[in-house]
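**Q** the sequence and its predicted three-dimensional model are supplied below.
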Amino acid sequence: MKLLNSLIEKVSDHPVLFIFFRAILENDFKAIRAVIRRDLDMSPGKRTLDLGCGPGAFSDLFEHQDYVGADLNKRYIDYARENRRGTFVCSDARRVDLPDARFDQVLIFGLLHHLSDEDTRAVLAEAKRMAVPGGVILAIEDIPAQHRLNLVGHLLHAIENGEHIRPTADYRRLYGEVGQIEVEEELRSGVCDYYLARIRMPRA
Ligand SMILES: C[S@@+](CC[C@H](N)C(=O)[O-])C[C@H]1O[C@@H](n2cnc3c(N)ncnc32)[C@H](O)[C@@H]1O
């Protein structure tokens, strides 16, 4: 298992391979792209922050917007700067060097299940700080595989380095500390199960 884990880490660190394998496992992200379009404001001119953006696989959805992606992995950010439209910053999501109230909406996809509760709280506090009052955070995070016959899903979670894959109730509790959950659902993307929540920031 350890060997498999380090192989996955190595493959994941390569932006092209990371995009390629995830797209296969998640049916080209059709389900995820559909809910992002449904639950974020896709109008031109909106300001969107993608926290833990990886190599920027979703930046094309926001090409008529002021889109900023932030990720800790420099290889991903270098790749995104060369291949994607938007602004990309190499940064820890727990402390981002961007101004208060800079964005109308914040996307967080597949980041928090890598982080402890304490770090998750720090990321959510940063997202809230950078969002306008009344803005939204759309968080889509891994939950344990829901169907016992989803063997690939179970295996992936066993070997992936998402040490903090939580049940829905735990994410809900953390999100409730920063705002009001106004949309939520559990959904399947390829072999992966997720909890989606759109969290409305306080207006004042
Ligand atoms: C599963 S990937 C998801 C990437 C992207 N959202 C996507 O779906 O393609 C998790 C991402 O979180 C990033 N990450 C992990 N810890 C981070 C942190 N503290 N700050 C910023 N990014 C982080 C990793 O570098 C990786 O790109």
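**A** Okay, I see it.
**Q** helices and strands around the helix ranked longest in the chain, which ones?
**A** Counting residues, the longest helix found in the chain (DSSP state H) is helix 117-130. Applying 3 or more CB pairs under 8 Å, 6 or more residues apart in numbering; DSSP states H and E, one finds that helix 117-130 contacts strand 47-51, strand 103-109, strand 131-142, helix 168-176. (Glycine included, C-beta is placed from N, CA and C.)
**Q** in the last one, what's buried?
**A** Buried residues in helix 168-176, counting neighbours by 16 or more other CB atoms under 10 Å, are found at 168, 170, 171, 174, 175.
**Q** and it, what does it pack against?
**A** helix 117-130, strand 131-142, strand 180-189, strand 192-200.
**Q** try it again at 6 Å.
**A** Here helix 168-176 is seen to pack against strand 192-200 when contacts are counted using 3 or more CB pairs under 6 Å, 6 or more residues apart in numbering; DSSP states H and E.
**Q** angle of the strand it packs on against helix 168-176?
**A** Between strand 192-200 and helix 168-176, the angle comes out at 30 degrees (axes from the mean of the first three to the mean of the last three CA atoms, to 10 degrees).
**Q** direction included, what does strand 192-200 pair against?
**A** strand 131-142 (antiparallel), strand 180-189 (antiparallel) (DSSP bridges).
**Q** hang on, the earlier thing: pull the longest helix of the chain out as PDB, backbone CA atoms only.
**A** C-alpha atoms of helix 117-130 as PDB (Å, rounded to 0.1, in the frame of the first residue of the first chain):
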ATOM      1  CA  ASP A 117     -10.000  20.800  11.200                       C
ATOM      2  CA  GLU A 118      -7.700  23.500  12.400                       C
ATOM      3  CA  ASP A 119      -6.200  24.100   8.900                       C
ATOM      4  CA  THR A 120      -9.700  23.900   7.300                       C
ATOM      5  CA  ARG A 121     -10.900  26.600   9.700                       C
ATOM      6  CA  ALA A 122      -7.900  28.800   8.700                       C
ATOM      7  CA  VAL A 123      -8.700  28.300   4.900                       C
ATOM      8  CA  LEU A 124     -12.400  29.000   5.400                       C
ATOM      9  CA  ALA A 125     -11.500  32.200   7.400                       C
ATOM     10  CA  GLU A 126      -9.200  33.300   4.600                       C
ATOM     11  CA  ALA A 127     -11.900  32.600   2.000                       C
ATOM     12  CA  LYS A 128     -14.400  34.600   4.100                       C
ATOM     13  CA  ARG A 129     -11.900  37.500   4.400                       C
ATOM     14  CA  MET A 130     -11.300  37.700   0.700                       C
END
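**Q** so what's the gap between that helix and the chain middle?
**A** 13 Å (CA atoms, centre = their mean, to the nearest Å).
**Q** what's the answer for stretch 66-79, then?
**A** 13 Å.
**Q** repeat that for stretch 20-36.
**A** 13 Å.
**Q** likewise stretch 13-24?
**A** The answer for stretch 13-24 is 15 Å, by CA atoms, centre = their mean.
**Q** what mean pLDDT would you report for it?
**A** Across stretch 13-24, pLDDT averages out at 84.
**Q** what about the most centrally placed residue in the chain, distance to the ligand?
**A** In the chain, the residue lying closest to the centroid (CA atoms, centre = their mean) is residue 109, at 1.4 Å. According to CB to the nearest ligand atom, to the nearest Å, residue 109 stands 4 Å off from the ligand.
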